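**Student:** Below: sequence and its predicted model.
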Amino acid sequence: MAGLKYMSGFGNEFASEDSRCPGSLPEGQNNPQVCPYGLYAEQLSGSAFTCPRSTNKRSWLYRILPSVRHKPFTPMSCGDLTESWNEVEPDPNQLLWKPFNIPKSSEKKVDFISGLHTVCGAGDSKSRNGIAIHMFTCNTSMIDKCFQNADGDFLIVPQQGEILITTEFGKMMVEPNEICVIQQGMRFSVDVFRETRGYILEVFGVHFELPDLGPIGANGLANPRDFQTPVAWYEDRTVATGYTIVNKYQGKLFSCQQDFSPFNVVAWHGNYTPYKYNLENFMVLNCVAFDHADPSIFTVLTAKSTRPGLDDVLNNAVSNRHSCLSHPSAWL
């Protein structure tokens, strides 16, 4: 979408305020007794308060109404979204999945949430350890509805059709050959413009980070400057018919109602944000003399486990360290 702006960097201390409300970001403190414009200050934590500074993730959001002002959550149908992979009979054979069919909009309206399909997984969200792999197929936008994943981080990979993701931090347009990460606890809504399909890698208990480069040196693979975080954007909108929040919690879906848009964050600052990355910016390294390098050389992002050295998502059968790999074109 033309006109969308982003901030550059990975894991930075960002700060942003909507230009319609200059001075809305408090200066010199996080939680003043009275915030500018009468906003409410909330901290969104992506780690324990007492984590080491290098791994401490949090952002302060300044919003028109508190995020807790909603009715109680109640269970809802999970459709094809599940964590019941432990109940499936194991199969040691090589498996291949055909592309998921995208429902025709003329036959059935399917948005991002109702179009989620779990393909496989390991571990579980309750133990805060493991992953899940999902597909999404949709043909309509989420209207007065948002999604919040309390279980882990979503790494979203559009395969067909671009998606406009509205978050509490701002808007991101994500196209095929781009990826985006929506971290745990962040509310977002997905708009589509045609029949759309893509992949999701979900990780529990950890966050994605850039892989160590080792002998590669200071530069290479995915460079931090190429990651983009949205700038603040808000809407002050009352929804008399009810705005639906869908929460994924311990593998189940729950929903609640409120009478206003949750995308009412006028300003924010911190290092816990959504972000996107264009895979065309990946700096490819490979063999120039002989042999074939391992696929870990194409790692864009990784989610570490307690077992160091097992970097490749292809090793997931024996490890709990999961990576997003890029296999771009190369020139000679």
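**Tutor:** Here it is on my side, so go on.
**Student:** From now on I want contacts and neighbour counts done on CA atoms only, so please keep to that.
**Tutor:** OK.
**Student:** where do the strands sit along the stretch 101-250 of the chain?
**Tutor:** Here the stretch 101-250 of the chain has its strands, by DSSP state E, counting those that start in this stretch, at 116-124, 129-138, 145-149, 152-160, 163-167, 170-174, 178-182, 187-192, 196-204, 228-230, 238-249.
**Student:** What helices and strands are in contact with the second one?
**Tutor:** So that's strand 129-138. strand 116-124, strand 196-204 (3 or more CA pairs under 8 Å, 6 or more residues apart in numbering; DSSP states H and E).
**Student:** Need the contact partners of that strand.
**Tutor:** Residues external to strand 129-138 that are found in contact with it (CA atoms under 8 Å, 6 or more residues apart in numbering): 81, 83, 100-103, 109-112, 114-124, 192, 195-205, 320, 322.
**Student:** Now do stretch 180-193: everything it contacts.
**Tutor:** With contacts defined as CA under 8 Å, 6+ apart, stretch 180-193 is touched by 44, 46, 112, 138-142, 145-157, 161-168, 174, 207, 262, 272-277.
**Student:** I'd guessed Val174 sits against Gln160; true?
**Tutor:** No - taking contacts as CA atoms under 8 Å, Val174 lies outside contact range of Gln160: 10.9 Å.
**Student:** So these two - more neighbours on which side?
**Tutor:** Neighbours of Val174 and Gln160, each counted by other CA atoms under 10 Å, are more numerous for Val174; the result is 22 against 16.
**Student:** what's the more buried one in contact with, if anything?
**Tutor:** Each residue near Val174 by CA under 8 Å, 6+ apart is listed here: Pro158, Glu162, Ile163, Leu164, Ile165, Cys180, Lys276.
**Student:** run the last query once more with 10 Å
**Tutor:** 1, 156-158, 161-165, 180, 275-278 (CA atoms under 10 Å, 6 or more residues apart in numbering).
**Student:** any chance of those in JSON lines, plus neighbour count and distance to Thr50?
**Tutor:** As requested, the contacts of Val174 are arranged in JSON lines below (neighbours: other CA atoms under 10 Å; distance: CA to CA, whole Å):
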{"residue": "Met1", "neighbour count": "11", "distance to Thr50": "39"}
{"residue": "Ile156", "neighbour count": "21", "distance to Thr50": "29"}
{"residue": "Val157", "neighbour count": "25", "distance to Thr50": "32"}
{"residue": "Pro158", "neighbour count": "22", "distance to Thr50": "36"}
{"residue": "Gly161", "neighbour count": "17", "distance to Thr50": "41"}
{"residue": "Glu162", "neighbour count": "23", "distance to Thr50": "39"}
{"residue": "Ile163", "neighbour count": "25", "distance to Thr50": "36"}
{"residue": "Leu164", "neighbour count": "17", "distance to Thr50": "35"}
{"residue": "Ile165", "neighbour count": "18", "distance to Thr50": "31"}
{"residue": "Cys180", "neighbour count": "24", "distance to Thr50": "28"}
{"residue": "Tyr275", "neighbour count": "25", "distance to Thr50": "24"}
{"residue": "Lys276", "neighbour count": "24", "distance to Thr50": "28"}
{"residue": "Tyr277", "neighbour count": "23", "distance to Thr50": "30"}
{"residue": "Asn278", "neighbour count": "17", "distance to Thr50": "33"}
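**Student:** Looking at those residues, which one is closest to Gln33?
**Tutor:** When the contacts of Val174 are compared for distance to Gln33, the smallest value, 30.7 Å, is given by Tyr275; criterion: CA to CA.
**Student:** Closest one of the contacts of Val174 to Glu235?
**Tutor:** Relative to Glu235, and with distances defined as CA to CA, the nearest of those is Ile165, at 14.4 Å.
**Student:** is it true that the closest one touches Met173?
**Tutor:** Yes - the pair formed by Ile165 and Met173 meets the contact definition of CA atoms under 10 Å, at 6.2 Å.
**Student:** pLDDT at the closest residue to Glu162 other than its chain neighbours, what is it?
**Tutor:** On the basis of CA to CA, 6 or more residues apart in numbering, the spatially nearest residue to Glu162 that is not a chain neighbour turns out to be Glu175, at 4.2 Å. Note for Glu175: predicted pLDDT of 97.
**Student:** Glu175 contacts Gln159, correct?
**Tutor:** Yes - under the criterion of CA under 10 Å, Glu175 makes contact with Gln159 at 8.1 Å.
**Student:** now Lys71: how far from Phe254?
**Tutor:** 12 Å (CA to CA, to the nearest Å).
**Student:** what number of residues lie near the residue nearest to Glu162?
**Tutor:** Glu175 is flanked by 18 other residues according to other CA under 10 Å.
**Student:** give me every residue that touches it.
**Tutor:** Glu175 makes contact with Val157, Pro158, Gln159, Gln160, Gly161, Glu162, Ile163, Leu164, Lys276, Asn278, according to CA under 10 Å, 6+ apart.
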